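Q: Build me a model:
(chains A and B)
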Amino acid sequence: MDFASIFTLGQTALELGLISSLTVLALFLSYSMLNVCDLSTDGCFTFGAAVGAVVAISGHPYLSIVAAMCAGMLSGLVTAVLQTRMGINSLLAGIIVNTGLYSVNIAVMGNSSLLNMNRTDTVFTKLKTVLTGTALAAQFKLIIALIAVALVIVFLYFFLKTRLGLAIRATGNNPAMVRSSSINVAMTTTVGLIVSNSFTALSGCLMAQAQKSVNIDIGSGVLTVALASLLIGNAFYSGSRIGLRAVFAVVGAVIFRVVYTLALRFNMPAFMLKLVSSVIVIIAISAPYIRSQIPMIRRRWANRKGGLHA
Amino acid sequence: MLEIKNISKTFNPGTINEKIVFKDFSLTVNNSEFVTIIGANGAGKSTLFNAIAGAFFTDSGTIELDGKDISLVSEYKRARRIGRLFQDPMLGTAPGMTIEENLTLAAGRGGWFSTLNRHDRERFKETLSELNMGLEDKLTKPVGLLSGGQRQALTLIMATINPPDLLLLDEHTAALDPSTAEKVLEITDRIVRKHSLTCLMVTHNMQSALDFGNRILMMDDGKIVFDSCGEEKKKLKVSDLLILFKKGSGKTLNTDRILLS
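A: Alright, predicted model coming up:
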């Protein structure tokens, strides 16, 4: 393999990693900060992709981004209302919304499970036109992904320092304390899920526009992949500096993509992606627990051996 | 002024676990009164606090705070006017967040999008330095790293940084070692006096129930069996309390968890 193709592969991995890192940042807010595992993520990702595609196809490339994010907010609002105002368990609320969104997404795409954007104007084609003839002409996807990720990180950095942001973090940390600070936990959960789902939908929208098509399955497994990325990022940094943690969430997403791309080069079949991401999530979440059990297991083993010889 | 008028509460009505905790219970606490409350387990002390703070709604009767009926106001809204500390030092603070972030949430000044500024930081430092625990130099340290006593003292500061109309202390020193408990009690007394707060304090330590505050209540089975204030309270001794309890409730005080000294 020559240098040029390695470079292209690396660039593609970086682009896809950055675009999917927007979902990782959404989970950083909902899973790491708010302590809610939002199972509507897959459906919301597709929802953003579908709405973004339909608006772009109708001739509004910039509006498509806004529309996708609004769609995500709506989905987040529904998930939040189900769990904070209707007494539905938070995991179940996510699954219900996820299932419902499947039908909604097909309806949005005009009773079709596939939309093609080969000749559609998107933010990517707009920038490509602008950059034609310059040195950065081939980097148009990378630039848009970088801008989106930077904006979201800067937003999160400042947002999580405001009183509202602190209240959202405290809700995941100790809801009783939030209530005694006279803040409504239902409100903070709702705001947190609305914001995080807008990022998920943005991620879906950009992913669809980057690959010029939406498939109804575009979002399947996105939650697990994003969770794996988030946990990879956590392995590098899990300190108290919020901005840095967000940056490492993105680094985790890029590492995941690069490793995945490498694995494909070494002939791992593409369908293995989801199994690999599941295994990473299992290892990352269970490792601390299993490590804490090791002394006990050792003692039991020692006892059993002693018992046999006695 | 806190006015509890004829409240009743039955848990699990109509089931085998039915429990009547209050029946026509009334209590008035005047402004700036510091009331200590003692009683055996199951006397209804914590349940009384839950009713006042709004953890559950009473079946009937009203609870008024400074003339405003708060009986149907939700818990988080009541928290604007009522500060509360629990026995568990972990309950009052968010461990993953720094001291200044915890204080920012509790201080509650400014809008939703306001951020911590230098003025707030100075105010926090000044308030924390009164504790003499060195917390003023640890503003950016996560609360999870503090000891139980430090966390409880911090919770106390958080509950009183905007002086509440009513402060509820639910055995807030019971989980601390004796010397730390003493220190936290002394800080509590100082803060209550400084803001002349209206305060209810449940304690399992009879001696501190006598040493602190200007009124003492003894509860049993959802009723107040003894109520004393002013000069009369000052003269009371632990032995008197035991006799008074027997007179009021018709049984001896179950003393296995209550500290006599």
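
Q: Just give me the longest helix of the chain.
A: All of this refers to chain A. For chain A, the helix reaching the highest residue count under DSSP state H is reported as helix A:273-309.

Q: think we crossed wires, I meant chain B
A: When chain B is parsed with DSSP H, its longest helix is helix B:178-194.

Q: by contact count, what packs against it?
A: Helices and strands in packing contact with helix B:178-194 are listed as helix B:148-160; criterion 3 or more CB pairs under 8 Å, 6 or more residues apart in numbering or on different chains; DSSP states H and E. Just so you know, the C-beta spots here come from the backbone N, C-alpha and C atoms, and that holds for glycine as well.

Q: Name the residues of the longest helix of chain B that are buried.
A: B:180, B:181, B:183, B:184, B:185, B:187, B:188, B:189, B:191, B:192 (16 or more other CB atoms under 10 Å in any protein chain shown).

Q: repeat for stretch B:212-223
A: Of all the residues in stretch B:212-223, those buried under the rule 16+ other CB under 10 Å are B:212, B:213, B:214, B:215, B:216, B:217, B:218, B:219, B:220, B:222, B:223.

Q: And that stretch, end to end?
A: 22 Å (CA to CA, to the nearest Å).

Q: Next one: the longest helix of chain A, is it in contact with chain B?
A: No: under the criterion of CB under 8 Å from any CB of the partner chain, helix A:273-309 makes no contact with chain B; the nearest approach is 15.6 Å.

Q: ranges for the helices of chain A?
A: Taking DSSP H, the helices of chain A run over residues A:3-27, A:41-57, A:61-85, A:90-108, A:123-131, A:140-159, A:163-173, A:175-180, A:185-210, A:222-236, A:242-265, A:273-309.

Q: So for the longest helix of chain A, mean pLDDT?
A: When pLDDT is averaged along helix A:273-309, the result is 84.

Q: Could you do stretch A:196-203 as well?
A: Stretch A:196-203 carries an average pLDDT of 98.

Q: swap in stretch A:7-19?
A: In this model, stretch A:7-19 has an average pLDDT of 91.

Q: Could I get the average pLDDT for the longest helix of chain B?
A: 91.

Q: After that helix, heading C-terminal, what element do we hit next?
A: Sequence order places strand B:199-202 as the next helix or strand after helix B:178-194, per DSSP states H and E.

Q: sorry, back to before: which of the buried residues of helix B:178-194 lies closest to residue A:278?
A: For residue A:278, the nearest member of the buried residues of helix B:178-194 is residue B:180. The distance, counting by CB to CB, is 47.0 Å.

Q: wait, the closest one sits on residue B:146?
A: No: in terms of CB atoms under 8 Å, residue B:180 does not count as a neighbour of residue B:146; the distance is 11.7 Å.

Q: so what's the residue in the stretch 201-310 of chain A that chain B sits nearest to up against?
A: Of the residues in the stretch 201-310 of chain A, the one nearest chain B is residue A:240, at a distance of 5.8 Å by CB to the nearest CB. Contacts of residue A:240 were listed using CB atoms under 8 Å, 6 or more residues apart in numbering or on different chains, and they are B:96, B:98, B:142.

Q: Adding mean neighbour count, write the helices of chain A out as JSON lines.
A: What follows is the helices of chain A, written out as JSON lines (neighbours: other CB atoms under 10 Å in any protein chain shown):
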{"stretch": "helix A:3-27", "mean neighbour count": "21"}
{"stretch": "helix A:41-57", "mean neighbour count": "29"}
{"stretch": "helix A:61-85", "mean neighbour count": "21"}
{"stretch": "helix A:90-108", "mean neighbour count": "18"}
{"stretch": "helix A:123-131", "mean neighbour count": "16"}
{"stretch": "helix A:140-159", "mean neighbour count": "18"}
{"stretch": "helix A:163-173", "mean neighbour count": "25"}
{"stretch": "helix A:175-180", "mean neighbour count": "22"}
{"stretch": "helix A:185-210", "mean neighbour count": "27"}
{"stretch": "helix A:222-236", "mean neighbour count": "23"}
{"stretch": "helix A:242-265", "mean neighbour count": "20"}
{"stretch": "helix A:273-309", "mean neighbour count": "12"}
